[in-house]
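# The sequence isn't on hand, but the structure is:
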């Protein structure tokens, strides 16, 4: 791989790194796991980069590789044991931004999303990223109708988790 | 308000403070590291399986220290079995390589999973073939070995004279059967442990995706 390619890749990833952070946020529960997944997604993105033609947006291309890594390619590391939890560290929501009720609701919502399975999390992620059902179906390799059906099921499941 | 809409509202807020900001150098050092993805492990384990069966055949050949085995090896039957075995190895290895090359992280989630499972299936079929081939070879070669081995022949004659010929054959069949059961059992246990752990999540996610199909 030549230096120019490395430079172009690192520069773009640095700019769009929050997409990877967001994937990691949904699929991991602690800082070490977050770092591990971030690392693996970065490697997979870098490997796929020479074939990236630029006909899609870099960020859109990142969604697919990022989710594929989180759902399929990433082998969860068992060697690290962390006592830190995200709620307590970097993802703490600033208190002045929310009223208490909304903040509490959001905390419960994030907790509920963490209880979903890998595929459901992917659907939620794409939904939160404002992807339409066509894009969701293309990324997941399912029909548009199924993407809709599943998304409704996810919404219902979240409601059940939040209001048992 | 829809729960997900509330979440989306929060998700879209300025997130610069929420995530660690990695520098150019942090990211650059990451691309130099090695992957520990499931595909890498599947590749390593599959290679070990190919090497294992190749080594198994080579070791068997290396033990041909007596004239009787050498004469057996030169028999047409043995040559035919060897040709089949190596041709099949070549075929499966080629198929494995082609399948492995199609694994692409930019495919959609379903296709990626299918390609990984297909690659695994190739190696599984190869191992299955080897097990079946091993059982078949033993069954085919055993009568040949009995008829050409002087010691076995004299043992059979002795057993016939004592009226224990049935006992002799039953004992031999049981012995062969037990060896086969233990060998197959150990390999199945290996499969259950290694792939059970390695592919558990992938299989679960694949089923979940397929469940969506109405």
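Yes, it's here. Being a predicted model, the structure only gives us computed values, none of them experimental.
# Beyond the worst-scoring helix or strand of chain B on mean pLDDT, next helix or strand please.
Least confident helix or strand of chain B, by mean pLDDT, DSSP states H and E, is helix B:67-73 with a mean of 56. Downstream of helix B:67-73, the first helix or strand assigned by DSSP states H and E is helix B:76-102.
# What mean pLDDT does that next one get?
Mean pLDDT, helix B:76-102: 85.
# Figure out how far that helix is from the centre of its chain.
Taking C-alpha atoms, centre = their mean, to the nearest Å, the mean C-alpha location of helix B:76-102 is offset from the chain mean by 14 Å.
# Show me what counts as buried in that helix.
Within helix B:76-102, the residues scored as buried using 16 or more other C-beta atoms under 10 Å in any protein chain shown are B:78, B:81, B:85, B:88, B:89, B:92, B:93, B:95, B:96, B:99, B:100. In this view, the C-beta of every residue, glycine as well, is placed from N, C-alpha and C.
# can you list those in TSV and add distance to residue B:125?
TSV is the format used below for those (distance: C-beta to C-beta, whole Å):
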residue	distance to residue B:125
B:78	24
B:81	19
B:85	15
B:88	10
B:89	12
B:92	7
B:93	12
B:95	9
B:96	10
B:99	11
B:100	14
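# which one of the residues you listed is nearest residue B:204?
Of all the buried residues of helix B:76-102, residue B:204 sits closest to residue B:99, with 21.4 Å by C-beta to C-beta.
# For the chain, give me the ranges with low pLDDT.
Using chain A. A:1, A:55, A:77-100 (pLDDT under 70).
# Can you look at chain B instead?
Where chain B drops to pLDDT under 70, the residues are B:1, B:14-16, B:61-74, B:212-214.
# Excluding covalently adjacent residues, which one is nearest to the residue in it that chain A sits nearest to?
Nearest residue of chain B to chain A, counting by C-beta to the nearest C-beta: residue B:110, 2.9 Å away. Of all residues beyond its chain neighbours, the one nearest residue B:110 is residue A:141 (2.9 Å), with distances taken as C-beta to C-beta, 6 or more residues apart in numbering or on different chains.
# what's the one you found sitting at in phi/psi?
The phi/psi pair for residue A:141 (degrees, to the nearest 10) reads phi 80, psi 30.
# thinking again about what came up before, assess the claim that the residue of chain B closest to chain A and residue A:139 are in contact.
No: look at residue B:110 against residue A:139 with C-beta atoms under 8 Å: they stay out of range, at 9.8 Å.
# Pull the distance from the helix of greatest length in chain B to the chain's centre.
Longest helix in chain B, counting residues (DSSP state H): helix B:165-211. Helix B:165-211 has its average C-alpha position 11 Å from the chain's average C-alpha position, going by C-alpha atoms, centre = their mean.
# does chain A sit close to that helix?
Yes: Helix B:165-211 comes into contact with chain A (C-beta under 8 Å from any C-beta of the partner chain), by way of B:198, B:201, B:202, B:204, B:205, B:208, B:209.
# neighbours around the fourth one, how many?
Other residues within reach of residue B:204 by the criterion other C-beta atoms under 10 Å in any protein chain shown amount to 13.
# Work out which residue lies at the spatial centre of chain A.
Centrality entry for chain A: nearest residue to the mean C-alpha point is residue A:23, 1.8 Å, by C-alpha atoms, centre = their mean.
# need the contact list for the closest residue in space to that residue that isn't next to it in sequence.
The shortest distance from residue A:23 to any non-neighbouring residue, by C-beta to C-beta, 6+ apart, is to residue A:66 (4.3 Å). Neighbour list for residue A:66: A:19, A:20, A:23, A:41, A:45 [criterion: C-beta atoms under 8 Å, 6 or more residues apart in numbering or on different chains].
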